[in-house]
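Q: After the sequence you'll find the predicted model.
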Amino acid sequence: MRSYSSSHVPFIITTPLVLLIHAILAAPHTPALLPRVGVHTAAYVGVLVGIMSFFAGLAVWGALS
(Lines give C-alpha, C1' and ligand atoms only; values in the text may rest on other atoms or scores of the structure.)
Protein backbone atom coordinates (compact mmCIF):
# COMPACT_ATOMS: atom_id res chain seq x y z
CA MET A 1 0.00 0.00 0.00
CA ARG A 2 1.31 3.45 -0.93
CA SER A 3 1.97 5.96 1.81
CA TYR A 4 0.38 9.36 1.33
CA SER A 5 2.43 11.09 4.03
CA SER A 6 4.20 13.40 1.57
CA SER A 7 1.33 13.72 -0.89
CA HIS A 8 -1.55 16.15 -1.10
CA VAL A 9 -3.85 13.62 -2.78
CA PRO A 10 -6.01 12.91 0.31
CA PHE A 11 -6.44 16.64 0.91
CA ILE A 12 -7.31 17.31 -2.73
CA ILE A 13 -9.94 14.56 -2.66
CA THR A 14 -11.36 15.28 0.80
CA THR A 15 -11.76 19.06 0.64
CA PRO A 16 -14.25 19.23 -2.27
CA LEU A 17 -16.10 16.23 -0.87
CA VAL A 18 -16.51 17.84 2.55
CA LEU A 19 -17.62 21.15 0.98
CA LEU A 20 -20.19 19.34 -1.17
CA ILE A 21 -21.57 17.39 1.80
CA HIS A 22 -21.73 20.58 3.86
CA ALA A 23 -23.65 22.40 1.11
CA ILE A 24 -26.08 19.50 0.74
CA LEU A 25 -26.70 19.36 4.50
CA ALA A 26 -27.04 23.15 4.77
CA ALA A 27 -29.66 23.39 2.01
CA PRO A 28 -32.56 21.91 4.06
CA HIS A 29 -32.00 24.59 6.73
CA THR A 30 -32.83 27.43 4.31
CA PRO A 31 -36.19 29.18 4.79
CA ALA A 32 -37.41 27.89 1.42
CA LEU A 33 -36.88 24.22 2.25
CA LEU A 34 -37.10 23.97 6.04
CA PRO A 35 -40.94 24.18 6.26
CA ARG A 36 -41.25 21.39 3.69
CA VAL A 37 -38.55 19.13 5.13
CA GLY A 38 -39.03 19.84 8.82
CA VAL A 39 -36.52 20.64 11.53
CA HIS A 40 -36.44 17.10 12.88
CA THR A 41 -35.76 15.53 9.50
CA ALA A 42 -33.03 18.03 8.61
CA ALA A 43 -31.31 17.50 11.97
CA TYR A 44 -31.67 13.72 11.80
CA VAL A 45 -30.13 13.53 8.33
CA GLY A 46 -27.23 15.69 9.52
CA VAL A 47 -26.61 13.40 12.48
CA LEU A 48 -26.71 10.28 10.30
CA VAL A 49 -24.22 11.74 7.82
CA GLY A 50 -21.96 12.78 10.71
CA ILE A 51 -22.02 9.29 12.22
CA MET A 52 -21.36 7.70 8.83
CA SER A 53 -18.42 10.06 8.24
CA PHE A 54 -17.01 9.26 11.68
CA PHE A 55 -17.07 5.51 11.11
CA ALA A 56 -15.74 5.91 7.55
CA GLY A 57 -12.77 7.80 9.00
CA LEU A 58 -12.22 5.07 11.57
CA ALA A 59 -12.32 2.46 8.82
CA VAL A 60 -9.81 4.34 6.70
CA TRP A 61 -7.41 4.53 9.66
CA GLY A 62 -7.88 0.81 10.31
CA ALA A 63 -9.39 1.33 13.77
CA LEU A 64 -12.37 -0.96 13.11
CA SER A 65 -10.44 -4.12 12.35
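A: Looks like it arrived, so ask away. Keep in mind the model is a prediction, meaning the values are calculated, not measured. Numbers count the residues shown, from 1 in each chain.
Q: Next, the buried residues of the lowest-mean-pLDDT helix or strand in the chain.
A: Every helix and strand in the chain was compared by mean pLDDT, DSSP states H and E; the lowest is helix 9-26, with a mean of 89. For helix 9-26, burial by neighbour count (16 or more other CB atoms under 10 Å) applies to no residue. Bear in mind the C-beta positions are built from the backbone N, C-alpha and C, glycine included.
Q: now swap in stretch 32-48 and tell me
A: Going by neighbour count (16+ other CB under 10 Å), the buried part of stretch 32-48 is 42, 46.
Q: end to end, how far does that stretch reach?
A: 22 Å (CA to CA, to the nearest Å).
Q: can you give me how far it is from the chain middle?
A: Put simply, stretch 32-48 sits 16 Å off its chain's centre (CA atoms, centre = their mean, to the nearest Å).
Q: ok, residues contacting it?
A: Contact partners of stretch 32-48, identified using CB atoms under 8 Å, 6 or more residues apart in numbering, comprise 25, 27-29.
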